[in-house]
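1. sharing a model that was predicted from the sequence below.
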Amino acid sequence: MAFLSAPPSPAYFSNLANHSLNSPLFSPRFSVLGLGFRGVSHGVVVRSSNQAEALVDFTKISDVPLLSCLEAIERLKTYQDKQKSKQEYLAMYSSIFGGITTDKAAMVIPMDDHMVHRGHGVFDTAALMDGYLYELDQHLDRFLRSASMAKIDPPFDRESMRRILIQTVRASQCRKGSLRYWLSAGPGDFQLSPSGCQQSALYAIVIQDLSPFDPKGIKVVTSSVPIKPPQFATMKSVNYLPNVLSKMEAEENGSYAAIWLDEDGFIAEGPNMNVAFVTKEKELVMPHFDKILSGCTAKRVLALAEGLVKEGKLRGIRMGNLSVEEGKKADEMMLIGSGVLVRPVLQWDEHVIGDGKEGPVSLALLNLILDDMRSGPPTVRVPVPY
(Lines give C-alpha, C1' and ligand atoms only; values in the text may rest on other atoms or scores of the structure.)
Protein backbone atom coordinates (compact mmCIF):
# COMPACT_ATOMS: atom_id res chain seq x y z
CA MET A 1 0.00 0.00 0.00
CA ALA A 2 1.33 3.42 -0.84
CA PHE A 3 0.32 7.02 -1.28
CA LEU A 4 1.46 9.41 -3.95
CA SER A 5 1.94 12.98 -2.82
CA ALA A 6 3.69 14.90 -0.10
CA PRO A 7 3.79 12.97 3.21
CA PRO A 8 0.93 13.86 5.57
CA SER A 9 1.33 15.29 9.03
CA PRO A 10 1.06 13.08 12.15
CA ALA A 11 -2.47 14.45 12.63
CA TYR A 12 -3.42 12.88 9.30
CA PHE A 13 -3.31 9.35 10.64
CA SER A 14 -4.81 10.32 13.97
CA ASN A 15 -7.76 11.83 12.13
CA LEU A 16 -7.89 8.82 9.83
CA ALA A 17 -8.68 6.56 12.76
CA ASN A 18 -11.40 8.96 13.88
CA HIS A 19 -12.80 9.53 10.36
CA SER A 20 -12.90 13.25 11.04
CA LEU A 21 -14.32 15.17 8.10
CA ASN A 22 -12.27 18.16 9.25
CA SER A 23 -8.98 16.29 8.99
CA PRO A 24 -6.44 16.64 6.16
CA LEU A 25 -7.37 13.07 5.22
CA PHE A 26 -10.28 14.31 3.16
CA SER A 27 -8.35 17.05 1.42
CA PRO A 28 -7.89 16.48 -2.34
CA ARG A 29 -4.13 17.05 -2.05
CA PHE A 30 -3.63 13.39 -1.05
CA SER A 31 -4.07 10.52 -3.44
CA VAL A 32 -4.09 7.19 -1.61
CA LEU A 33 -3.29 3.99 -3.46
CA GLY A 34 -3.30 0.42 -2.17
CA LEU A 35 -0.68 -1.74 -3.87
CA GLY A 36 -2.54 -4.69 -5.33
CA PHE A 37 -5.87 -2.86 -4.89
CA ARG A 38 -7.89 -3.40 -8.03
CA GLY A 39 -9.95 -0.43 -9.12
CA VAL A 40 -13.41 -1.92 -8.70
CA SER A 41 -16.39 0.35 -8.21
CA HIS A 42 -19.98 0.59 -9.34
CA GLY A 43 -19.46 -2.37 -11.68
CA VAL A 44 -16.13 -0.97 -12.91
CA VAL A 45 -13.02 -3.09 -13.39
CA VAL A 46 -9.72 -1.48 -14.34
CA ARG A 47 -7.38 -3.78 -16.25
CA SER A 48 -4.64 -3.53 -18.82
CA SER A 49 -5.40 -4.12 -22.48
CA ASN A 50 -3.33 -7.30 -22.65
CA GLN A 51 -5.13 -9.12 -19.81
CA ALA A 52 -6.97 -12.15 -21.14
CA GLU A 53 -9.68 -12.05 -18.51
CA ALA A 54 -11.27 -9.41 -16.34
CA LEU A 55 -10.02 -9.26 -12.75
CA VAL A 56 -13.62 -9.35 -11.56
CA ASP A 57 -16.49 -11.03 -13.39
CA PHE A 58 -18.47 -7.90 -14.15
CA THR A 59 -20.39 -7.71 -17.40
CA LYS A 60 -19.74 -4.07 -18.15
CA ILE A 61 -16.53 -2.09 -18.29
CA SER A 62 -16.85 1.67 -18.04
CA ASP A 63 -14.49 4.59 -17.47
CA VAL A 64 -12.14 4.58 -14.51
CA PRO A 65 -13.76 6.64 -11.76
CA LEU A 66 -12.05 9.66 -10.23
CA LEU A 67 -12.23 9.09 -6.49
CA SER A 68 -12.02 11.52 -3.62
CA CYS A 69 -9.61 10.66 -0.84
CA LEU A 70 -12.55 9.58 1.33
CA GLU A 71 -13.85 7.25 -1.38
CA ALA A 72 -10.42 5.75 -1.98
CA ILE A 73 -9.91 5.12 1.74
CA GLU A 74 -13.34 3.55 2.13
CA ARG A 75 -12.79 1.26 -0.85
CA LEU A 76 -9.39 0.28 0.48
CA LYS A 77 -10.97 -0.55 3.82
CA THR A 78 -13.64 -2.63 2.08
CA TYR A 79 -11.02 -4.46 0.05
CA GLN A 80 -8.94 -5.23 3.12
CA ASP A 81 -11.94 -6.40 5.12
CA LYS A 82 -12.66 -9.02 2.46
CA GLN A 83 -9.17 -10.46 2.50
CA LYS A 84 -8.77 -13.82 4.18
CA SER A 85 -5.38 -14.59 5.67
CA LYS A 86 -3.83 -16.38 8.60
CA GLN A 87 -1.94 -13.17 9.28
CA GLU A 88 -3.29 -9.96 10.77
CA TYR A 89 -1.46 -6.63 10.51
CA LEU A 90 -1.97 -5.06 13.91
CA ALA A 91 0.28 -1.98 13.97
CA MET A 92 2.63 -0.01 11.75
CA TYR A 93 5.27 2.61 12.44
CA SER A 94 6.42 5.09 9.81
CA SER A 95 9.05 7.77 10.20
CA ILE A 96 7.25 9.63 7.40
CA PHE A 97 4.27 10.43 9.60
CA GLY A 98 6.30 10.02 12.77
CA GLY A 99 4.09 7.63 14.68
CA ILE A 100 2.24 4.32 15.00
CA THR A 101 -1.13 3.45 13.51
CA THR A 102 -3.34 0.42 14.10
CA ASP A 103 -5.64 1.21 11.15
CA LYS A 104 -4.77 -1.03 8.20
CA ALA A 105 -5.97 1.59 5.74
CA ALA A 106 -3.30 3.94 7.11
CA MET A 107 -0.49 1.39 6.74
CA VAL A 108 0.91 3.06 3.64
CA ILE A 109 4.21 4.24 2.24
CA PRO A 110 4.90 6.94 -0.38
CA MET A 111 4.93 5.76 -3.98
CA ASP A 112 7.99 7.93 -4.63
CA ASP A 113 9.92 6.13 -1.89
CA HIS A 114 12.95 4.67 -3.66
CA MET A 115 12.33 1.34 -1.93
CA VAL A 116 9.08 1.10 -3.91
CA HIS A 117 10.21 2.00 -7.41
CA ARG A 118 13.98 1.28 -7.28
CA GLY A 119 14.29 -1.45 -4.68
CA HIS A 120 16.67 0.71 -2.64
CA GLY A 121 15.88 -0.63 0.80
CA VAL A 122 16.75 -3.32 3.32
CA PHE A 123 14.66 -5.19 5.85
CA ASP A 124 14.79 -7.66 8.68
CA THR A 125 12.48 -9.38 11.11
CA ALA A 126 12.14 -10.77 14.61
CA ALA A 127 9.80 -13.48 15.80
CA LEU A 128 7.35 -12.69 18.58
CA MET A 129 6.61 -15.50 21.02
CA ASP A 130 4.58 -15.16 24.22
CA GLY A 131 5.14 -11.42 24.30
CA TYR A 132 8.92 -11.62 23.80
CA LEU A 133 10.85 -10.54 20.72
CA TYR A 134 13.24 -13.32 19.80
CA GLU A 135 16.78 -12.33 18.80
CA LEU A 136 15.78 -8.72 18.21
CA ASP A 137 19.30 -7.43 18.80
CA GLN A 138 20.91 -10.02 16.54
CA HIS A 139 18.50 -9.17 13.73
CA LEU A 140 18.88 -5.44 14.33
CA ASP A 141 22.68 -5.71 14.03
CA ARG A 142 22.30 -7.51 10.68
CA PHE A 143 19.73 -4.91 9.63
CA LEU A 144 22.23 -2.12 10.16
CA ARG A 145 24.98 -4.05 8.34
CA SER A 146 22.63 -4.44 5.38
CA ALA A 147 21.83 -0.72 5.48
CA SER A 148 25.53 0.11 5.42
CA MET A 149 26.09 -2.19 2.44
CA ALA A 150 23.14 -0.53 0.67
CA LYS A 151 24.53 2.93 1.48
CA ILE A 152 21.47 3.94 3.48
CA ASP A 153 22.11 6.25 6.43
CA PRO A 154 19.41 5.47 9.06
CA PRO A 155 17.24 8.36 10.26
CA PHE A 156 17.84 7.39 13.89
CA ASP A 157 20.56 5.81 15.97
CA ARG A 158 20.39 2.11 16.86
CA GLU A 159 18.92 2.57 20.34
CA SER A 160 16.18 4.88 19.07
CA MET A 161 15.22 2.38 16.37
CA ARG A 162 15.18 -0.42 18.91
CA ARG A 163 12.88 1.59 21.15
CA ILE A 164 10.57 2.42 18.23
CA LEU A 165 10.31 -1.26 17.27
CA ILE A 166 9.43 -2.36 20.80
CA GLN A 167 6.85 0.42 21.17
CA THR A 168 5.25 -0.61 17.88
CA VAL A 169 4.82 -4.16 19.17
CA ARG A 170 3.41 -2.81 22.42
CA ALA A 171 0.85 -0.73 20.53
CA SER A 172 -0.22 -3.81 18.57
CA GLN A 173 -0.90 -5.87 21.71
CA CYS A 174 0.31 -8.85 19.66
CA ARG A 175 1.95 -11.70 21.56
CA LYS A 176 2.61 -14.22 18.80
CA GLY A 177 3.72 -13.46 15.29
CA SER A 178 6.52 -11.36 13.92
CA LEU A 179 7.90 -7.86 13.67
CA ARG A 180 9.16 -6.82 10.25
CA TYR A 181 10.98 -3.57 9.58
CA TRP A 182 12.53 -1.70 6.67
CA LEU A 183 15.04 1.06 6.01
CA SER A 184 14.66 2.81 2.69
CA ALA A 185 16.53 5.54 0.87
CA GLY A 186 13.33 7.49 1.41
CA PRO A 187 10.81 9.38 -0.71
CA GLY A 188 11.79 12.21 -2.98
CA ASP A 189 11.30 11.56 -6.68
CA PHE A 190 11.21 8.87 -9.35
CA GLN A 191 14.84 9.18 -10.39
CA LEU A 192 17.39 6.36 -10.18
CA SER A 193 19.78 8.17 -7.86
CA PRO A 194 18.69 8.75 -4.24
CA SER A 195 20.27 12.21 -4.31
CA GLY A 196 16.79 13.74 -4.41
CA CYS A 197 15.73 11.93 -1.23
CA GLN A 198 15.95 14.33 1.69
CA GLN A 199 15.80 11.70 4.42
CA SER A 200 15.89 7.92 4.70
CA ALA A 201 12.78 6.25 6.09
CA LEU A 202 12.09 3.61 8.73
CA TYR A 203 8.97 1.46 8.58
CA ALA A 204 7.85 -1.39 10.83
CA ILE A 205 4.79 -3.62 10.94
CA VAL A 206 3.57 -6.17 13.48
CA ILE A 207 2.09 -9.32 11.99
CA GLN A 208 -0.01 -11.64 14.11
CA ASP A 209 0.26 -15.28 13.10
CA LEU A 210 -1.23 -17.92 15.36
CA SER A 211 -0.31 -20.85 13.10
CA PRO A 212 1.78 -23.50 14.88
CA PHE A 213 5.21 -24.37 13.56
CA ASP A 214 4.98 -27.44 11.36
CA PRO A 215 7.49 -30.26 11.98
CA LYS A 216 6.26 -32.30 9.02
CA GLY A 217 8.90 -33.19 6.46
CA ILE A 218 8.93 -31.53 3.04
CA LYS A 219 10.26 -31.91 -0.49
CA VAL A 220 12.71 -29.56 -2.19
CA VAL A 221 14.08 -29.20 -5.71
CA THR A 222 17.26 -27.74 -7.16
CA SER A 223 16.64 -24.19 -8.30
CA SER A 224 17.19 -23.26 -11.94
CA VAL A 225 16.91 -19.57 -11.03
CA PRO A 226 20.41 -18.04 -10.81
CA ILE A 227 21.58 -17.31 -7.29
CA LYS A 228 22.32 -13.69 -6.41
CA PRO A 229 26.02 -12.75 -6.44
CA PRO A 230 27.62 -12.64 -2.96
CA GLN A 231 27.53 -8.83 -2.75
CA PHE A 232 23.74 -8.96 -2.82
CA ALA A 233 23.15 -12.43 -1.33
CA THR A 234 24.90 -11.40 1.91
CA MET A 235 22.71 -8.29 2.21
CA LYS A 236 19.06 -8.56 3.27
CA SER A 237 17.69 -6.15 0.70
CA VAL A 238 14.15 -5.87 -0.64
CA ASN A 239 15.32 -7.17 -4.04
CA TYR A 240 13.71 -10.59 -3.66
CA LEU A 241 12.60 -11.33 -7.21
CA PRO A 242 15.10 -14.23 -7.60
CA ASN A 243 13.89 -15.59 -4.26
CA VAL A 244 10.25 -15.32 -5.33
CA LEU A 245 10.88 -17.02 -8.67
CA SER A 246 12.81 -19.78 -6.91
CA LYS A 247 9.94 -20.34 -4.48
CA MET A 248 7.42 -20.36 -7.33
CA GLU A 249 9.52 -22.90 -9.22
CA ALA A 250 9.40 -25.19 -6.20
CA GLU A 251 5.65 -24.85 -5.82
CA GLU A 252 5.13 -25.52 -9.53
CA ASN A 253 6.98 -28.80 -9.00
CA GLY A 254 5.01 -29.83 -5.93
CA SER A 255 7.76 -28.90 -3.50
CA TYR A 256 8.17 -26.50 -0.59
CA ALA A 257 11.38 -24.74 -1.59
CA ALA A 258 14.16 -24.71 -4.15
CA ILE A 259 17.81 -25.06 -3.19
CA TRP A 260 20.40 -22.74 -4.67
CA LEU A 261 23.91 -23.79 -5.63
CA ASP A 262 26.79 -21.32 -5.71
CA GLU A 263 28.92 -20.58 -8.78
CA ASP A 264 31.22 -23.49 -7.89
CA GLY A 265 28.34 -25.96 -7.69
CA PHE A 266 28.32 -26.25 -3.89
CA ILE A 267 25.09 -26.15 -1.88
CA ALA A 268 24.25 -22.56 -0.89
CA GLU A 269 20.81 -21.83 0.62
CA GLY A 270 17.06 -21.83 0.09
CA PRO A 271 15.00 -18.85 -1.08
CA ASN A 272 14.62 -17.44 2.44
CA MET A 273 16.23 -19.98 4.71
CA ASN A 274 19.53 -21.69 5.35
CA VAL A 275 20.10 -25.38 4.79
CA ALA A 276 21.94 -27.90 6.96
CA PHE A 277 22.76 -31.61 6.89
CA VAL A 278 23.54 -34.44 9.26
CA THR A 279 26.14 -36.67 7.64
CA LYS A 280 26.44 -40.41 8.09
CA GLU A 281 29.30 -39.61 10.48
CA LYS A 282 26.76 -37.70 12.62
CA GLU A 283 28.24 -34.29 11.87
CA LEU A 284 25.97 -31.27 11.55
CA VAL A 285 27.21 -29.38 8.49
CA MET A 286 26.08 -25.99 7.20
CA PRO A 287 27.41 -24.00 4.20
CA HIS A 288 29.70 -21.05 4.88
CA PHE A 289 28.06 -17.63 5.18
CA ASP A 290 30.61 -15.89 2.94
CA LYS A 291 28.41 -16.12 -0.20
CA ILE A 292 24.93 -16.29 1.35
CA LEU A 293 22.89 -14.51 3.99
CA SER A 294 24.15 -14.98 7.51
CA GLY A 295 21.06 -16.49 9.12
CA CYS A 296 20.41 -15.38 12.70
CA THR A 297 18.27 -18.44 13.39
CA ALA A 298 20.84 -20.69 11.72
CA LYS A 299 23.62 -19.33 13.92
CA ARG A 300 21.48 -19.82 17.01
CA VAL A 301 20.75 -23.41 15.95
CA LEU A 302 24.47 -24.04 15.61
CA ALA A 303 24.99 -22.79 19.16
CA LEU A 304 22.13 -24.87 20.57
CA ALA A 305 23.39 -27.95 18.70
CA GLU A 306 26.41 -28.01 21.01
CA GLY A 307 24.06 -29.57 23.56
CA LEU A 308 23.40 -32.47 21.20
CA VAL A 309 27.14 -33.01 20.89
CA LYS A 310 27.41 -33.25 24.67
CA GLU A 311 24.53 -35.73 24.71
CA GLY A 312 26.23 -37.87 22.07
CA LYS A 313 23.52 -37.31 19.45
CA LEU A 314 26.03 -35.48 17.25
CA ARG A 315 29.76 -36.05 16.87
CA GLY A 316 30.55 -32.57 15.70
CA ILE A 317 29.46 -29.30 14.09
CA ARG A 318 31.16 -27.54 11.22
CA MET A 319 30.72 -25.01 8.45
CA GLY A 320 31.90 -26.21 5.07
CA ASN A 321 31.33 -26.76 1.37
CA LEU A 322 29.03 -29.62 0.38
CA SER A 323 28.38 -30.96 -3.09
CA VAL A 324 24.87 -31.91 -4.17
CA GLU A 325 25.93 -35.55 -4.12
CA GLU A 326 27.11 -35.25 -0.52
CA GLY A 327 23.92 -33.47 0.48
CA LYS A 328 21.66 -36.08 -1.05
CA LYS A 329 23.59 -38.88 0.66
CA ALA A 330 23.21 -37.28 4.11
CA ASP A 331 21.21 -38.95 6.85
CA GLU A 332 19.23 -35.78 7.43
CA MET A 333 18.58 -32.49 5.65
CA MET A 334 16.80 -29.47 7.08
CA LEU A 335 15.81 -25.89 6.27
CA ILE A 336 16.47 -23.29 8.98
CA GLY A 337 15.05 -19.78 9.26
CA SER A 338 12.90 -17.48 11.37
CA GLY A 339 9.81 -18.48 9.39
CA VAL A 340 10.22 -22.25 9.44
CA LEU A 341 12.58 -22.54 12.45
CA VAL A 342 13.82 -26.07 11.63
CA ARG A 343 11.98 -27.99 8.90
CA PRO A 344 13.05 -31.54 7.99
CA VAL A 345 13.57 -32.31 4.29
CA LEU A 346 12.54 -35.80 3.21
CA GLN A 347 13.21 -35.60 -0.51
CA TRP A 348 15.47 -33.52 -2.76
CA ASP A 349 14.54 -33.72 -6.43
CA GLU A 350 13.94 -37.45 -6.97
CA HIS A 351 16.29 -38.53 -4.16
CA VAL A 352 14.93 -39.59 -0.77
CA ILE A 353 16.97 -38.21 2.15
CA GLY A 354 17.97 -40.83 4.72
CA ASP A 355 15.11 -43.17 5.48
CA GLY A 356 12.52 -40.74 4.14
CA LYS A 357 11.32 -39.76 7.60
CA GLU A 358 11.81 -36.74 9.85
CA GLY A 359 15.25 -37.20 11.37
CA PRO A 360 15.91 -37.23 15.13
CA VAL A 361 18.47 -34.42 14.99
CA SER A 362 16.16 -32.16 12.97
CA LEU A 363 13.31 -32.70 15.43
CA ALA A 364 15.64 -32.23 18.41
CA LEU A 365 16.89 -28.94 16.98
CA LEU A 366 13.32 -27.77 16.38
CA ASN A 367 12.45 -28.49 20.00
CA LEU A 368 15.61 -26.72 21.19
CA ILE A 369 14.83 -23.56 19.23
CA LEU A 370 11.19 -23.57 20.40
CA ASP A 371 12.33 -23.95 24.02
CA ASP A 372 14.83 -21.15 23.47
CA MET A 373 12.07 -18.88 22.16
CA ARG A 374 9.90 -19.63 25.20
CA SER A 375 12.47 -19.68 27.98
CA GLY A 376 15.89 -18.74 26.59
CA PRO A 377 18.32 -16.26 28.14
CA PRO A 378 17.79 -12.45 28.07
CA THR A 379 20.34 -12.21 25.26
CA VAL A 380 17.79 -13.70 22.87
CA ARG A 381 14.46 -12.75 24.47
CA VAL A 382 13.41 -9.09 24.76
CA PRO A 383 10.23 -8.56 26.79
CA VAL A 384 7.59 -6.23 25.37
CA PRO A 385 6.21 -3.89 28.07
CA TYR A 386 2.49 -4.12 27.25
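-> Okay, I see it. Since this is a predicted model, take the numbers as computed values, not measurements.

2. what about Met111, how many residues close to it?
-> The burial count assigned to Met111 is 18, neighbours taken as other CB atoms under 10 Å. Where C-beta positions appear, they are placed from N, C-alpha and C, glycine not excepted.

3. surely it is in contact with His117?
-> Yes - distance between Met111 and His117: 7.2 Å, which falls inside the contact criterion (CB atoms under 8 Å).

4. secondary structure class for Asp141?
-> In terms of secondary structure, Asp141 is helix; the call rests on DSSP: H, G, I helix; E, B strand; the rest coil.

5. what do you get for the one 3 residues further on?
-> Under three-state DSSP, the three-state class of Leu144 is helix.

6. what sits against it?
-> Contacts of Leu144 were listed using CB atoms under 8 Å, 6 or more residues apart in numbering, and they are 154, 158.

7. mind checking how far it is from Asp262?
-> According to CB to CB, to the nearest Å, Leu144 stands 26 Å off from Asp262.

8. swap in Ala105?
-> 43 Å.

9. comparing the two, which residue is more hemmed in?
-> In terms of neighbours (other CB under 10 Å), Ala105 is the more surrounded of Ala105 and Asp262; the figures are 23 against 19.

10. how about the contacts made by the more buried one?
-> With contacts defined as CB under 8 Å, 6+ apart, Ala105 is in contact with 16, 73, 76-77, 80.

11. in those residues, find the pair that's most separated.
-> Taking every pair in the contacts of Ala105 and measuring CB to CB, the maximum separation is 13.5 Å, between Leu16 and Gln80.

12. okay, those two: which has more neighbours?
-> The residue with the greater number of neighbours, taking Leu16 and Gln80 and applying other CB under 10 Å, is Leu16; the counts read 23 against 16.

13. report the beta-bridge partners for Asn274.
-> Beta-bridge pairing of Asn274, defined through DSSP bridges, involves Ile336.

14. to what extent is it buried, counted in neighbours?
-> 24.

15. who touches it in this structure?
-> With contact set as CB under 8 Å, 6+ apart, Asn274 has these partners: 286-287, 292-293, 295, 297-298, 335-337.

16. helices along the protein, start to end?
-> Assigned by DSSP state H, the helices in the chain fall at 10-18, 69-82, 114-117, 136-149, 158-172, 230-233, 241-252, 296-304, 306-310, 324-328, 360-375.

17. just so I know, which of these lies nearest Asp349?
-> Scanning those with CB to CB as the criterion, the closest one proves to be helix 324-328, at 7.8 Å.

18. report the rounded mean pLDDT for that closest one.
-> Per-residue confidence for helix 324-328 averages out to 98 on the pLDDT scale.

19. mind checking how far that helix is from the chain centre?
-> For helix 324-328, the distance from its own C-alpha centre to the chain's C-alpha centre is 29 Å (CA atoms, centre = their mean, to the nearest Å).

20. now do stretch 353-373
-> Using CA atoms, centre = their mean, the distance between the centre of stretch 353-373 and that of its chain works out at 23 Å.

21. do stretch 363-376 as well
-> Taking the mean of its C-alpha atoms, stretch 363-376 sits 21 Å from the chain's own mean (CA atoms, centre = their mean).

22. which residues make contact with it from outside it?
-> Contact with stretch 363-376 is made by 127, 129-130, 132, 134, 213, 215, 297, 300-301, 304-305, 307-308, 313, 334, 336, 341-344, 380-381, as judged by CB under 8 Å, 6+ apart.

23. can you pull the buried residues of it?
-> Taking 16 or more other CB atoms under 10 Å as the neighbour-count basis, stretch 363-376 is seen to contain the buried residues 363-366, 368-370, 372-373, 376.

24. also stretch 113-132?
-> By neighbour count on 16+ other CB under 10 Å, the buried set for stretch 113-132 is 113-116, 118, 120-129, 131-132.

25. just the pLDDT for Leu165.
-> Per-residue pLDDT puts Leu165 at 98.

26. how about the contacts made by it?
-> For Leu165, the residues meeting the contact criterion (CB under 8 Å, 6+ apart) are 93, 126, 133, 136, 140, 179, 181, 204.

27. okay, now Pro385: neighbour count?
-> Neighbouring residues of Pro385 were enumerated by other CB under 10 Å; the total is 8.

28. gap between it and Leu133?
-> 11 Å.

29. between these two, which contacts overlap?
-> Here Pro385 and Leu133 share the contacting residues Ile166, scored by CB under 8 Å, 6+ apart.

30. give me the mean pLDDT for stretch 185-199.
-> Mean pLDDT, computed over stretch 185-199, is 97.

31. so which of the helices of the chain is nearest Ala276?
-> helix 296-304 (7.2 Å).
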